[in-house]
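A.B. asks: turn this into a model:
(one chain, ligands or ions: 1)
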Amino acid sequence: MLKGEDLFKKIIAHAKEYGFIFQSSEIYDGLSAVYDYGQNGCALKNNIKDYWWKSMVQYHENIVGIDSAIFMHPTVWKASGHVDAFNDPLIDNKDSKKRYRADVLIEDHMAKLEEKIGKEVEKAAKRFGDSFDEKMFRETNPRVLANQEKIDAIRTRFVAALDKNDLKDIKTLIEELEITCPISGSRNWTDVRQFNLMFSTQMGSLSEDANLIYLRPETAQGIFVNYLNVQKTGRMKIPFGIAQIGKAFRNEIVARQFVFRMREFEQMEMQFFVRPGEEKQWYDFWKEERMKWHKSLGIPGELFRFHDHDKLAHYANAAADIEFMFPFGYKELEGIHSRTDFDLAAHQKFSGKKLQYFDPETNESYVPYVVETSIGLDRTFLAVLSHAYKEETLEDGSQRVVLNLPPMLAPVKAAVLPLMKKDGLPEKARELMDKLKYDLMCRYEEKDAIGRRYRRQDAIGTPYCLTIDHQTLEDNTVTIRERDTMKQERIHMDNVKQVVLERISYRKG
Ligand code: GAP
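C.D. replies: Sure, this is the predicted structure:
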């Protein structure tokens, strides 16, 4: 089975070959960490958005959706803390001239120690077989304990340095851990500096009166500044949520790993406004709800895990990530944050406008607390794609690449394939297309042998292929071939729409 780096390379190549993801401005040699979604990628991405939107907005009576502008008043970013604190600590290697995030270098070092522990556990599990007690082993094995102690000490020191914004100590830590540059192999580092991640531009035509404005680094602030508009016009009662899907921009220092870390990306965020004091209960609720959502995509549960934050952002009183086992390891896919009243209180202060809620149940006015769920659309896309990609050897020895996408997310739901380009079969197939196309995303294909056409549909994850053959002309039945099992059955043309719609339904997952 393909794993790790090899699997990742194959997925990137497949994404390009089958029209899922292209590098931006490719004919000009591309633009770093910016990508375009092609014909199949755009459809898959829209289906993920649609599923998220339905799960959040349509299935919850107390959540509504908005679409706020990318450009916002510059004071928004002052109030939110982004102008002063949306920084990454960066460090350069003087020999390779490569730039790194200092926190990532340290985290990668800790991950290597974790890996060592993992290997010890794996070895012991093999040695002891069924009688292996992993918990006991982790608590008593001297090598595991020594590495765990190292990890804990690094983390404590690192969190303290970040808290105090002690960039000198972060550099000293990198030196003490003897972290080397992966390119030059040297330890010749510059000092650590803070780097603001927001992109800025100017609004207004004349340079004298032009204002510096930012491309939003998160969609959340568009929700906060509209909190009162939505609460009043929607007559929303606390607890309630506002959801939004949209582009965000960050000038990432180290942009890598394909669509995992981009400079222009898309977020799906929901801010849930609650009574102060009830935020913990809602935070726990949304953590579980969001984990259930990920598992409902048909991806095995063990590929997800929670990572509770040690170091909380300036606005949060609790925070956790949902991490996914990407081909390059467990990494953040979604953040769930209990943001207190930080944002609304800050906007109240900076704008001078009251952003309070009168609670008819308690007869009190207060600034609501917020629990946020924030998921990266592109990372979800990558998670879905990397889990779906399979290389299979079939019974006859031939090979196929198949995307086992959840049917509801597949770019094309059904391919309509006349067996031959003659004898009236294309005309009959077009008849079927006309019956289906208003309700289902279908693709018509008549070129090449049927086997090759099946392979092409497998490679983009089409769950059903409908073949029109000579028998169709006699009795109006077609064969329906299922992507994963490759099993075929005959059904009447009049029933195709109903059958496919039922099988791809959201409820089926
Ligand atoms: N409003 C909170 C917020 O923006 P975040 O953890 O910075 O929190 C939320 O971002 C999610 O957005 C992440 O979990 C990730 O999935 C996605 N994301 C963040 N930066 C990204 C980037 N440079 N490229 C792709 N996705 C990104």
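A.B. asks: mind checking how far the residue of the chain at minimum distance from the ligand is from Lys94?
C.D. replies: As assessed by CB to the nearest ligand atom, the ligand sits closest to Gly376 within the chain, at 2.3 Å. For every residue, glycine as well, the C-beta is placed using N, CA and C. Using CB to CB, to the nearest Å, we find Gly376 at a distance of 33 Å from Lys94.
A.B. asks: follow-up on the earlier one: so the residue of the chain closest to the ligand sits against Glu334, correct?
C.D. replies: Yes. With contact defined as CB atoms under 8 Å, Gly376 counts as touching Glu334 (7.2 Å).
A.B. asks: got any ranges where the chain has weak pLDDT?
C.D. replies: 1-2, 206-210, 507-509 (pLDDT under 70).
A.B. asks: and with 80 instead?
C.D. replies: Residue ranges of the chain with pLDDT under 80: 1-3, 205-210, 254-256, 310-311, 313-314, 506-509.
A.B. asks: the ligand contacts on that one?
C.D. replies: Residues of the chain lying close to the ligand (CB under 6 Å from any ligand atom) are 218, 220, 250, 252, 261-262, 265, 267, 269, 332-335, 372, 374-376, 378-379.
A.B. asks: among these, which are in strands?
C.D. replies: Phe265, Gln267, Glu269, Glu332, Leu333, Glu334, Gly335, Glu372, Ser374, Ile375, Gly376 (DSSP state E).
A.B. asks: Gly376 is in contact with the first one, correct?
C.D. replies: Yes. At 6.2 Å, Phe265 and Gly376 qualify as touching, with contact defined as CB under 8 Å.
A.B. asks: the strands in the stretch 51-200 of the chain, which residues?
C.D. replies: 63-66, 87-92, 99-101, 193-196, 200-203 (DSSP state E, counting those that start in this stretch).
A.B. asks: if you could redo that for the stretch 351-500 of the chain, that was the one I meant.
C.D. replies: Under DSSP E, counting those that start in this stretch, the stretch 351-500 of the chain gives strands at 357-359, 364-366, 369-376, 389-393, 399-403, 414-418, 442-444, 464-468, 477-482, 488-492.
A.B. asks: all helices for the stretch 151-300 of the chain, in order.
C.D. replies: In the stretch 151-300 of the chain, the segments counted as helices under DSSP state H, counting those that start in this stretch are 167-176, 220-224, 227-233, 279-295.
A.B. asks: deepest in the core, which of these is it.
C.D. replies: helix 220-224 (a mean of 23; mean count of other CB atoms under 10 Å).
A.B. asks: elements contacting that one?
C.D. replies: strand 240-249, strand 264-274, helix 342-351, strand 369-376 (3 or more CB pairs under 8 Å, 6 or more residues apart in numbering; DSSP states H and E).
A.B. asks: what separates it from the chain centre, distance-wise?
C.D. replies: 19 Å (CA atoms, centre = their mean, to the nearest Å).
A.B. asks: then stretch 247-254?
C.D. replies: Distance, centroid of stretch 247-254 to centroid of chain: 15 Å (CA atoms, centre = their mean).
A.B. asks: sort out which residues of that stretch are buried, please.
C.D. replies: Using 16 or more other CB atoms under 10 Å as the test for burial, stretch 247-254 gives Ala248, Phe249, Arg250, Asn251, Glu252, Ile253.
A.B. asks: residue contacts, the fifth one?
C.D. replies: It refers to Glu252. Ala33, Asp88, Leu197, Arg261, Met262, Arg263 (CB atoms under 8 Å, 6 or more residues apart in numbering).
A.B. asks: now a PyMOL select for only the buried ones of these.
C.D. replies: A single PyMOL command selects the buried members of those (16+ other CB under 10 Å):
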select buried, resi 33+88+261+262+263
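A.B. asks: nearest to Arg275, of the contacts of Glu252?
C.D. replies: Proximity of these to Arg275 (CB to CB) peaks at Leu197, which lies at 33.0 Å.
A.B. asks: apart from its neighbours in sequence, what residue is nearest the closest one?
C.D. replies: Arg250 (4.5 Å; CB to CB, 6 or more residues apart in numbering).
A.B. asks: hang on, the one you found packs against Pro217?
C.D. replies: Yes. At 5.1 Å, Arg250 counts as touching Pro217 under the criterion of CB under 8 Å.
A.B. asks: which neighbours do the two share?
C.D. replies: Common neighbours of Arg250 and Pro217 (CB under 8 Å, 6+ apart) are Leu197, Met198.
A.B. asks: can you put the buried residues of stretch 247-254 in a markdown table and add distance to Val401?
C.D. replies: Putting the buried residues of stretch 247-254 into a markdown table (distance: CB to CB, whole Å) gives the following:
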| residue | distance to Val401 |
| --- | --- |
| Ala248 | 32 |
| Phe249 | 34 |
| Arg250 | 33 |
| Asn251 | 36 |
| Glu252 | 31 |
| Ile253 | 35 |
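A.B. asks: thinking again about what came up before, okay, the helices of the stretch 151-300 of the chain in TSV with distance to Gly185 next?
C.D. replies: TSV is the format used below for the helices of the stretch 151-300 of the chain (distance: least, CB to CB, whole Å):
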stretch	distance to Gly185
helix 167-176	15
helix 220-224	41
helix 227-233	51
helix 279-295	38
